[in-house]
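**Student:** Generate a structure from the sequence data that follows.
(one chain, ligands or ions: 2)
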Amino acid sequence: MSALLHINENRVLQLLDWDKVFHVIEGALESVASNHVIQSARSVIDLKETNFMFVMPGKLRDDNGETLGCKIACHFPGNTTLPPLMANILLMDALTGELQAVIAATGITAWRTAAASAVATKYLHNENNKILAIIGAGAQGRIHAICLSYFFKFKEVRVWNRNRERAVRLVTELSNDSKWKCSFKACETVQSCLSDADVVVTTTGTDVSIVKLDWLKPSAHINAVGVGLDCREIDDEVYKAANVYIDHWDGAKEELKHLIDIGIQFKGQIGDLIRGSIKPPPKNSLTIFQSLGMAVEDCAVARMIYDLHMQNK
Ligand SMILES: NC(=O)C1=CN([C@@H]2O[C@H](COP(=O)(O)OP(=O)(O)OC[C@H]3O[C@@H](n4cnc5c(N)ncnc54)[C@H](O)[C@@H]3O)[C@@H](O)[C@H]2O)C=CC1
Ligand SMILES: O=C([O-])C1=[NH+]CCC1
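**Tutor:** Ligands and ions are numbered 1, 2, ... in the order given. Below you'll find the predicted structure:
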């Protein structure tokens, strides 16, 4: 038996790199469409008082061989000093099943989710990206503002949050970082945030829709990141008007029944677009990437972190 390795959150954050994460997430999304993965919809237990635990096992085969892992994530929204979402990934030897490492995955969850949105944006809306609108300034809102500013040359990044102070705090943090060439702005209303936005990210998980069709540019691309059985961030009319893409069919059939029930037909997986097995949407059409998050995205980034850690010990 080999010694069990623990890679903590600080070490993971040292090793995360946007170009590398983008590359492995693009590969993971493509592997799903090529049937080179084994994963199912996540298993969720309701711990009551708004707390949940998710378990996400998966196996991935790509250029780096086979990776076997399982993320365990706890969502405790009442946390004040600790983050509301805390996760760890167990990385196993794919040939023997032996546990190799426990890797802190709060940062990995944030980065891989934002990178999946960046990959989706590349394949669905890669031009004329001038204005980015971020709805919700929590962990996902913040990392999406950073990731999408890194990959796309926005002129303006707008942030709305129900508690405006949090949006202002994020905008101040980003404006104080000299590496960004765009302007950051906190918006008073969702409508003013969305007005003329080319790319939109929704990260609130709210059960009351706050994104309305009339407020959107007809050619906008939305990365819909909020997840939950009651999550209804985006109005049904927007889904009906849009070309909607997903990350994986197994998750969509389980977690997006409310969209299937109103007649939404998903155009395909982002991996199908990457492989070229489905046609891209017509130019200037309204598009949505409905992101659920996948075990194999976690496995791919965990394996990358493990390899980088071992190379740079
Ligand atoms: N698609 C994916 O792969 C992933 C999705 N998620 C989902 O993303 C969403 C956000 O996660 P985090 O940023 O980690 O959470 P967070 O708690 O850090 O941030 C949530 C933000 O949404 C706002 N918010 C919450 N309820 C709201 C409501 N009813 N109306 C308006 N604003 C509201 C809060 O003020 C906060 O700023 C959640 O739904 C979570 O389940 C999280 C991880 C991965
Ligand atoms: O994919 C993921 O890790 C999650 N999606 C929703 C909450 C956590």
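**Student:** spatially speaking, which residue is in the middle of the protein?
**Tutor:** Thr113 (2.2 Å; C-alpha atoms, centre = their mean).
**Student:** can you confirm it is in a helix?
**Tutor:** Yes - counting by DSSP: H, G, I helix; E, B strand; the rest coil, Thr113 is part of a helix.
**Student:** wait, what's in contact with it?
**Tutor:** Counting by C-beta atoms under 8 Å, 6 or more residues apart in numbering, Thr113 touches Gln140, Ile143, His144, Val225, Ser291, Gly293, Glu297. Heads up, the C-betas are built off the backbone N, CA and C, glycines and all.
**Student:** can you put those residues in CSV and add pLDDT and secondary structure?
**Tutor:** Shown next, in CSV, are the contacts of Thr113 (pLDDT from 0 to 100; DSSP: H, G, I helix; E, B strand; the rest coil):
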residue, pLDDT, secondary structure
Gln140, 97, helix
Ile143, 98, helix
His144, 98, helix
Val225, 98, coil
Ser291, 98, coil
Gly293, 98, coil
Glu297, 98, helix
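**Student:** number of nearby residues for the residue of the chain at minimum distance from ligand 1?
**Tutor:** Taking C-beta to the nearest ligand atom as the measure, the chain has Gly138 as its residue closest to ligand 1, at 1.7 Å. Other residues near Gly138 number 19, with proximity taken as other C-beta atoms under 10 Å.
**Student:** Look up how far Ile134 lies from the nearest residue to it once chain neighbours are set aside.
**Tutor:** The shortest distance from Gly138 to any non-neighbouring residue, by C-beta to C-beta, 6 or more residues apart in numbering, is to Thr203 (6.3 Å). Look at Thr203 and Ile134: by C-beta to C-beta, to the nearest Å, they are 7 Å apart.
**Student:** Domains in the protein, by residue range?
**Tutor:** Per the TED database, the structural domains of the chain span 5-109+296-312, 111-295.
**Student:** Torsion angles phi and psi at the closest residue to Gln265 other than its chain neighbours?
**Tutor:** Using C-beta to C-beta, 6+ apart and skipping the chain neighbours, the partner closest in space to Gln265 is Val244 (7.9 Å). The phi/psi pair for Val244 (degrees, to the nearest 10) reads phi -110, psi 130.
**Student:** Counting neighbours, what do you get for Val244?
**Tutor:** Val244: 25 neighbours (other C-beta under 10 Å).
**Student:** ok, it touching Phe266?
**Tutor:** Yes - Val244 is within contact range of Phe266, at 5.3 Å (criterion: C-beta atoms under 8 Å).
**Student:** Common neighbours of these two, please.
**Tutor:** With C-beta under 8 Å, 6+ apart as the test, Val244 and Phe266 both reach Leu259, Gln290.
**Student:** got a pLDDT number for Met1?
**Tutor:** pLDDT, Met1: 68.
**Student:** What of Glu49?
**Tutor:** 83.
**Student:** Could I get the CA-only coordinates of the helix or strand bottoming out on mean pLDDT in the chain as PDB?
**Tutor:** Every helix and strand of the chain was ranked by mean pLDDT, DSSP states H and E. The lowest is strand 43-48, at a mean of 93. Coordinates of each C-alpha in strand 43-48 appear next as PDB, following Å, rounded to 0.1, in the frame of the first residue of the first chain:
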ATOM      1  CA  SER A  43     -26.200  11.700  -5.800                       C
ATOM      2  CA  VAL A  44     -27.500  14.300  -3.400                       C
ATOM      3  CA  ILE A  45     -28.700  13.900   0.200                       C
ATOM      4  CA  ASP A  46     -30.800  16.600   1.900                       C
ATOM      5  CA  LEU A  47     -29.300  17.200   5.300                       C
ATOM      6  CA  LYS A  48     -32.200  19.500   6.200                       C
END
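**Student:** in its sheet, what does the helix or strand just after it sit against?
**Tutor:** Going down the chain from strand 43-48, the next helix or strand is strand 51-62, by DSSP states H and E. Paired with strand 51-62 in the same sheet, following DSSP bridges, are strand 37-39 (antiparallel), strand 43-48 (antiparallel), strand 65-75 (antiparallel).
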